[in-house]
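Chemist: predicted model, plus sequence, below.
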Amino acid sequence: MFQRLGRIVVQYRFLMIIVWIAIATLVTLIAPNIEDVASSDTADFLPNNAPFVHADRVYRETFPEDFAPSSMIIVVEDRRGILNEGAETFEEQTNTPAGAFIQETESWLSSADAPPIIQRVTSPLDSPSTALLMIAPDNHVAIMRVEFSTSETEEVTTEALDEIEDWVQQNRPEGVKTYQTGEAPIVNNTTSSIRTSVDRTIWVTVALVIIMLLIVYRSPISPLIPLMAVTLAYLITRGIVAYIGDTLMTITSYTNVLLVVIIYGAGTDYCLFLISRFREEMADDSNIRHSTTHTVQRVGETISSSAGTIFVGFVAMIFAEMGIFKTSGPALAIGIVISLLAGLTLVPALLAALGDRAFWPGKATHRSTGKFYEFTSRQVSSYPLRTILIIVVLMLPFSIYAVQQPVSYSLMNDLPDDSPAVEGYHKLKEGLGEGNILPLTVVVTGRSPETLAKDIAQLSDDLMKLDGVGDVRSLSNPLGVKHEEYRNFLRVESQLRLVQAMSNEENIDLEQALAGLEDLKAYLEILQTRFPEIQDDASLNMLETLLANPLTLQSRRDELNEAIDGLAARFSTIEDAYLIPDTFASSDLLDQLVDTYLSPDRQAYKMEIILGQAPTSPESMDTVKAIRRILSRYQSSGDAVVSGGTTIDTDIRDTMNRDFVRAFGFVLLGIFLVLLLMLRSVVAPLYLIGTVLLSFTFTLGLTQFVFQNFFDSPGLTWYVPFFAFVFLVALGIDYSIFLFGRVKEEVAQHGIHEGVHIAVATTGAIITSAGIILAGTFAAMMAGEIMGLIEIGFAVSVGVLIDTFVVRTVLDPALATIFGRWTWFPGGVPRRTAETTPFYSQPLSD
């Protein structure tokens with residue numbers, strides 16, 4: 001098959017080159033921009049059965065007015081104070097430079113001059129109660145929330161963020177500092193950092209590939225062949241994946257940078273093997289047609305098997321639940337297939353067109369194997385057991401370290417420290433605490449109006465009993481349990497105390513006072529209807545008598561207070577004295593609270609939970625699990641769910657744990673089957689996979705150690721172990737395939753001991769060159785800004801080097817020597833057949 005393919009490519013070489021260029025050009029022109037169709041929001045990639053997905057849907061359906069497609073937070077800092085706390089009235093307290101700036105900003109954001117996509121603005125100066133929640137206790141930091149009618153990924157949202165930032169900077173008074181953070185700025189900064197990472201990775205990758213190929217070939221022409229092939233393969237793959245992302249499924253923003261390193265890394269390796277074989281063929285036979293055909297014939301099966309293992313590894317990711325893996329796997333698999341096709345068609349066509357000129361100014365020659373590989377292979381085959389023990393002893397501690405370390409779920413840790421959204425987040429965290437930045441929202445539906453008030457109070461009390469809960473805000477405690485004001489608002493005695501405080505206010509005008517009295521009368525009637533046992537209460541009768549003569553109330557205020565005190569004391573003895581009143585002392589307070597915490601039909605309610613620890617900490621995720629267990633007791637008549645950033649992280653953690661086990665099984669099974677078919681052995685695939693797993697765990701442990709101790713990282717980004725596993729296992733097993741393809745042949749010719757030695761020595765230079773190139777392309781990811789991608793780049797580049805210099809060169813040959821003929825069980829030791837020289841054939845140096 002490959003011989004026929006080689007003949008076709010040689011015959012139509014110029015047409016083949018033109019077709020590849022035309023396809024890449026066409027796809028680039030008609031396909032959407034991959035960055036425009038990709039998503040940076042991790043919530044988009046949770047499986048549909050994740051608890052957060054259901055909770056988010058319930059929240060949106062029950063409280064539609066609460067939702068905006070995206071939002072931002074403007075952080076205002078003034079060390080002189082946001083409010084003038086010494087002033088008597090709230091209006092006078094806002095008379096500060098920061099207060100005036102906040103009011104001016106709110107006015108502009110609400111005007112026609114501001115971006116038209118602004119849907120709602122919430123200011124800390126809207127009311128005293130709002131100020132309590134949106135101004136830090138030290139009075140140095142305040143926040144404004146701006147909601148948009150467009151999603152955070154739309155270009156119009158990015159333009160609005162820039163316009164708001166420009167206006168704020170132009171109008172910010174001296175001494176006042178401002179920051180942007182929140183959902184839209186974080187996603188915007190993430191997208192920007194990913195684009196920067198892609199650009200840097202591409203340029204660094206291209207530079208590294210050129211430099212390494214120049215070193216390998218010592219020719220300015222040879223590096224251009226793989227560079228052209230992998231670049232066209234990347235452009236075509238990027239266009240196809242972008243089209244899929246635009247029409248079939250959501251793809252992650254990380255896909256593009258992963259495509260760069262996979263295609264330029266693995267694709268260049270395929271080109272390297274082809275060009276190396278072509279050089280040897282040309283050295284033996286100057287006929288370009290014959291040399292090119294033989295190159296495809298001899299190399300095609302091997303690089304196809306190599307691509308097959310990587311393809312299987314990536315396709316296995318489709319069985320993951322987490323969308324970031326489920327969609328990345330097929331995209332990367334497409335990249336591998338197109339890279340392989342470029343290697344089997346475009347590269348031979350270029351070689352056939354150039355001939356010996358591909359190696360200018362030199363000539364096509366055989367390269368001798370260096371003494372290093374001969375010496376190493378001889379030592380390994382002579383002392384296999386000692387070699388294995390030394391390697392395992394050195395690698396095992398880091399492997400054990402790897403499984404004991406936590407991972408980070410904080411998106412802030414993925415962004416550069418100087419990112420504007422990160423600076424704003426940290427400033428907000430200092431002022432208000434992380435729990436206030438990312439509260440959880442509980443929504444309970446299907447409640448009966450008669451039991452609604454008690455239900456709210458009971459759930460609030462149950463949640464406050466959890467160790468990880470710092471505070472709960474609900475209609476029962478609008479400002480939180482820890483705030484005295486409005487505490488236990490749904491208890492009748494608390495409502496009576498609030499009425500008492502309002503009636504004792506000074507400077508209340510007559511009209512407002514009379515309206516309040518009418519509402520109070522109506523409120524007392526509700527109490528008597530709802531709680532008939534108080535109808536004969538003396539305090540109630542006194543209160544009704546006083547209210548019947550409003551003109552005498554001013555002079556009889558002491559009696560009024562006494563009556564309210566008595567009635568409140570009576571209700572404190574009634575266990576179920578919970579009530580959501582229809583009217584309340586002619587105050588807008590009740591309407592505001594009801595609109596905030598109850599659904600329009602008053603059959604559902606919500607509450608906010610302030611976590612006691614950092615929202616992204618493992619302890620907070622455990623708290624979410626405990627909250628869900630409590631809510632399960634409130635689901636008899638409707639939904640009882642919790643949503644919020646930490647619930648997303650909790651579901652990611654749970655899904656990740658399942659996905660890792662699933663990927664572990666499917667990836668290893670797929671690779672085992674490929675090795676089984678290739679080697680006709682059960683034993684060799686088992687220990688080859690075992691050595692790759694040892695390399696993976698060692699690399700993961702080393703990566704965690706380096707980033708925790710030298711980069712002050714709280715833990716590897718949550719998606720790093722999964723990607724590192726798939727990449728290192730799929731790519732790492734490649735070199736074992738290259739090695740054992742040669743071992744199989746040499747054992748048949750020379751016996752096990754000598755065959756292993758010759759195989760290691762003769763494959764050393766070319767596979768080492770391939771490993772260095774692949775490691776270099778992944779190392780290019782470290783030039784980016786996204787910490788998770790930097791970690792992947794470090795882990796895979798180090799892991800590939802470990803596979804190249806330790807596993808393939810030392811550990812695998814030592815195991816092959818130790819197992820001897822059992823390596824080939826049950827197929828039997830390979831026997832001598834008609835000689836066929838593999839693509840990496842190189843004579844041993846003298």
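Modeler: That came through fine. For clarity, every value in this text was computed on a predicted model and none was experimentally measured.

Chemist: phi first, then psi, for residue 712.
Modeler: Residue 712 adopts backbone torsions of phi 50, psi 40, taken as degrees, to the nearest 10.

Chemist: same question for the one 5 residues further on.
Modeler: Backbone geometry at residue 717, expressed as degrees, to the nearest 10, gives phi -60, psi 140.

Chemist: neighbours of it, how many?
Modeler: Residues contacting residue 717 under the criterion other C-beta atoms under 10 Å number 24. Just so you know, the C-beta spots here come from the backbone N, C-alpha and C atoms, and that holds for glycine as well.

Chemist: name the helix or strand for the closest residue to it other than its chain neighbours, please.
Modeler: Of all residues not flanking residue 717 in the chain, residue 788 sits nearest, at 3.3 Å (C-beta to C-beta, 6 or more residues apart in numbering). Counting by DSSP states H and E, the element that carries residue 788 is helix 787-802.

Chemist: need the next SSE after that helix, C-terminal direction.
Modeler: Next along from helix 787-802, by DSSP H and E: helix 812-819.

Chemist: which residues does that next one contact?
Modeler: Helix 812-819 is contacted by residues 377, 380-381, 384-385, 387-388, 391, 683-684, 687-688, 691, 736, 739-740, 743, 752-753, 756-757, 759-760, 823 when judged by C-beta atoms under 8 Å, 6 or more residues apart in numbering.

Chemist: what subset of those residues is buried?
Modeler: 377, 380-381, 384, 387-388, 391, 683-684, 687-688, 691, 736, 739-740, 743, 752, 756-757, 759-760, 823 (16 or more other C-beta atoms under 10 Å).

Chemist: any idea how far residue 50 is from residue 187?
Modeler: 20 Å (C-beta to C-beta, to the nearest Å).

Chemist: again, but for residue 225
Modeler: 40 Å.

Chemist: for residue 671, same thing?
Modeler: According to C-beta to C-beta, residue 671 and residue 187 sit 36 Å apart.

Chemist: what of residue 215?
Modeler: 41 Å.

Chemist: ok, those two, which is more surrounded?
Modeler: Neighbour count, other C-beta under 10 Å: between residue 215 and residue 187, residue 187 has more, with 22 against 11.

Chemist: quick one: the host helix or strand of residue 378 to chain centroid distance?
Modeler: Element membership for residue 378 (DSSP H and E) is helix 371-382. Its chain's average C-alpha position is 44 Å from that of helix 371-382, according to C-alpha atoms, centre = their mean, to the nearest Å.

Chemist: residue 119 belongs to a strand?
Modeler: Yes. With DSSP: H, G, I helix; E, B strand; the rest coil as the criterion, residue 119 is part of a strand.

Chemist: residue contacts, it?
Modeler: Residues near residue 119 by C-beta under 8 Å, 6+ apart: 68, 147, 148, 149.

Chemist: who wins on neighbours among those residues?
Modeler: Ranked by the number of neighbours (other C-beta under 10 Å), the contacts of residue 119 place residue 148 first, at 24 neighbours.

Chemist: low pLDDT regions in the stretch 501-650 of the chain?
Modeler: Within the stretch 501-650 of the chain, the stretches with pLDDT under 70 are 505-517, 551, 553-554, 583-589.
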